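S.K.: Fold the following, please.
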Amino acid sequence: MAPISSVDRGAAEAARRRAEAARIAAQAQAAAAKVKEKAAQKPQPQQTLTAFEGPRKVGAERLTGQKASPVAKGPLDAAPADPKARAGWWKQLSPTEQMQAVSSDPKKVGSLDGLPASVRDTANRQQLKNELTQLTAEADKAKKDYLDNRSLGDKLRDALRPGSAADEPAEKFLPEAKRHQLENARAVQKQLERTEKEVGSAQLLVYDSAFVKGEGRAAIVAGNLDTAKHVSVSVPGLNSDVRDYMDNITSDALNLHKAAGKEHGEVATVAWMGYDAPGFQNVASDNAAENGAKLLAADVAGIRASREGNQPHLTVIGHSYGSTTASIAADKNGLQADDLVLIGSPGAGSAKSVKDYDGPLANGHVWSGSASRDFVSWLNGSNLPGDPLGQDPTENLFGAKRFTAEATDRGDKSNFEDHSKYYRAGSESLGNLADIVTGNYGGVDSAKHRYGEHDWFKGNRVIDPETQRPVS
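M.R.: Numbers count the residues shown, from 1 in each chain. Below you'll find the predicted structure:
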């Protein structure tokens, strides 16, 4: 039997251990309570859902068990898809909301058909400025990085020879697509400034420097599209893009604006480089006209929607392959034009005659101007097998009204030079275009149509009476 003193010491030790265990448990419980309290003050992590559970759980509240904060929406989120509805929606926005929309997303606002041209101009100019700043900075950095990372030998060689990398423009060091974007932006900026200087008013209606891998898309207005009584849209042809052709199509619009004058009311002429035009190598097989026709019809519909109850007299002028594009837009895409003019046309595409068009275009408002020696105007179904680009709109069978379009310095035989003279100042063609655009139909000088003839020795051929007419 153990001594009493030993029993007392064992009991005391047991009591001490129980007290220590209780103290540790209390501390652990207090620590757990603090952790729980802190966790309650923080947002709970989102639960991970399986692929099966996910579709059944909709909304942040079901996902997390907490009430979600409402997502702020900008005014652009409510923009209707239809241009007419969009025009009314824009008017319902407050001036503050309109300014917020332009500043928050100028690229989107600039692309919204149906908005006033002045609004799209403001937005597109802001986008143009942003891109010029950003792409120029990227080009400078790309050049600096390239020069800094050269080997010592390359640096010595570049320092000793002219035309080295250090002398190259900064944009050469950008990837091709971005280089084209920067070139597009600079071309548009230059033509905007030129138009403002010559006319006093310019608007950037369409701007997309990245369209089709950097080919670009733009439309510059000479005049005020929101108020003009007469509006024309000029569509260019083969091998045209923003960076290399914006100056040419702008020249055409400026010449037409000047020739139209103010006698018959305010005029706005649009230089529309709005589609991916083909090159000579794929002109007969490419679907560029089909795609371009949709874009052209949509942009014209946007102009109509923006003017609502104050509609202008609107003329679409297609030159070269642009005439094929414009004709398809009228035949298949409901082009909302009062007059359609096809100049230097290689063919009217899907339309076999003016009766294929709708509305006024089927009743005396389709016009054709082809210089008798313009080689491109002979590249049509009557002269080439396979009907690559459609019927010649200058032939009598098509039904368009032909006007005089000979160049005073026309060539002695078929040539390409006469193909680029339709907008030349003082030409027969430009004077007639100005009369059509301003609705002065009585001032248009008519020309005899081309017609088919069968010759027993030469076979079927097309005769052009304009070949023999003296040019005044």
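S.K.: Only alpha carbons, please: show stretch 336-351 as PDB.
M.R.: What follows is stretch 336-351 as a C-alpha-only set of coordinates in PDB (Å, rounded to 0.1, in the frame of the first residue of the first chain):
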ATOM      1  CA  GLN A 336     -31.600  53.700-100.900                       C
ATOM      2  CA  ALA A 337     -30.500  56.100-103.600                       C
ATOM      3  CA  ASP A 338     -32.500  58.600-105.600                       C
ATOM      4  CA  ASP A 339     -30.100  58.300-108.500                       C
ATOM      5  CA  LEU A 340     -27.400  55.700-109.400                       C
ATOM      6  CA  VAL A 341     -24.500  56.700-111.700                       C
ATOM      7  CA  LEU A 342     -22.200  54.100-113.200                       C
ATOM      8  CA  ILE A 343     -19.000  55.500-114.800                       C
ATOM      9  CA  GLY A 344     -16.200  53.700-116.600                       C
ATOM     10  CA  SER A 345     -18.100  50.500-115.700                       C
ATOM     11  CA  PRO A 346     -16.700  47.000-116.600                       C
ATOM     12  CA  GLY A 347     -20.200  45.600-115.900                       C
ATOM     13  CA  ALA A 348     -23.300  46.000-113.800                       C
ATOM     14  CA  GLY A 349     -22.800  42.800-111.900                       C
ATOM     15  CA  SER A 350     -26.000  40.800-111.100                       C
ATOM     16  CA  ALA A 351     -28.400  43.400-112.700                       C
END
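S.K.: what's the offset of that stretch from the middle of its chain?
M.R.: Per CA atoms, centre = their mean, to the nearest Å, the displacement of stretch 336-351 from the mean C-alpha position of its chain is 21 Å.
S.K.: Tell me which stretches of the protein form strands.
M.R.: Assigned by DSSP state E, the strands in the chain fall at 202-208, 217-222, 230-235, 267-273, 313-319, 339-343, 366-369, 401-402, 451-455, 459-463.
S.K.: Give the partner strands of the last one in its sheet and their orientations.
M.R.: Pairing partners of strand 459-463, with direction, according to DSSP bridges: strand 451-455 (antiparallel).
S.K.: got the contact list for the partner strand?
M.R.: S382, E395, N396, L397, N460, R461, V462, I463 (CB atoms under 8 Å, 6 or more residues apart in numbering). Placement of C-beta: from N, CA and C, glycine included.
S.K.: mind putting those residues in TSV, neighbour count included?
M.R.: TSV is the format used below for those (neighbours: other CB atoms under 10 Å):
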residue	neighbour count
S382	17
E395	24
N396	13
L397	14
N460	10
R461	11
V462	15
I463	13
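S.K.: Return the closest of those residues with respect to V221.
M.R.: E395 (33.7 Å; CB to CB).
S.K.: Give the full set of residues in contact with the closest one.
M.R.: S382, H449, R450, Y451, G452, V462.
S.K.: low-confidence ranges in the stretch 301-450 of the chain?
M.R.: 381-388 (pLDDT under 70).
S.K.: at 80 instead, please
M.R.: 380-388 (pLDDT under 80).
S.K.: And the helices in it?
M.R.: 321-332, 428-437 (DSSP state H, counting those that start in this stretch).
S.K.: repeat for the stretch 51-200 of the chain
M.R.: Using DSSP H, counting those that start in this stretch, helices in the stretch 51-200 of the chain cover 60-64, 83-92, 95-104, 106-110, 117-148, 152-160, 176-199.
S.K.: Between the ones you listed, which one is closest to V235.
M.R.: helix 176-199 (16.4 Å).
S.K.: what packs against the closest one?
M.R.: Applying 3 or more CB pairs under 8 Å, 6 or more residues apart in numbering; DSSP states H and E, one finds that helix 176-199 contacts helix 117-148, strand 202-208, helix 211-214, strand 217-222, helix 242-260.
S.K.: Test my guess that R179 contacts K172.
M.R.: Yes: using CB atoms under 8 Å, R179 is in contact with K172, at 7.1 Å.
S.K.: Looking at these two, which one has more neighbours?
M.R.: R179 (20 against 12; other CB atoms under 10 Å).
S.K.: ok, and the closest non-adjacent residue to the more buried one?
M.R.: E171 (5.1 Å; CB to CB, 6 or more residues apart in numbering).
S.K.: residues near that neighbour, how many?
M.R.: 20.
S.K.: Kindly report the same for A305.
M.R.: The number of residues near A305, taken as other CB under 10 Å, comes to 19.
S.K.: ok, it - contacts?
M.R.: So A305 contacts P83, K84, R86, A87, D113, G114 (CB under 8 Å, 6+ apart).
S.K.: Show me which of the residues you listed are buried.
M.R.: Buried members of the contacts of A305, scored by 16 or more other CB atoms under 10 Å, are P83, K84, R86, A87, D113, G114.
S.K.: ok, the closest residue to the fifth one other than its chain neighbours - contacts?
M.R.: Taking CB to CB, 6+ apart, and ignoring the residues beside it in sequence, D113 has G302 as its nearest neighbour in space, at 2.7 Å. Residues near G302 by CB under 8 Å, 6+ apart: P83, D113, G114.
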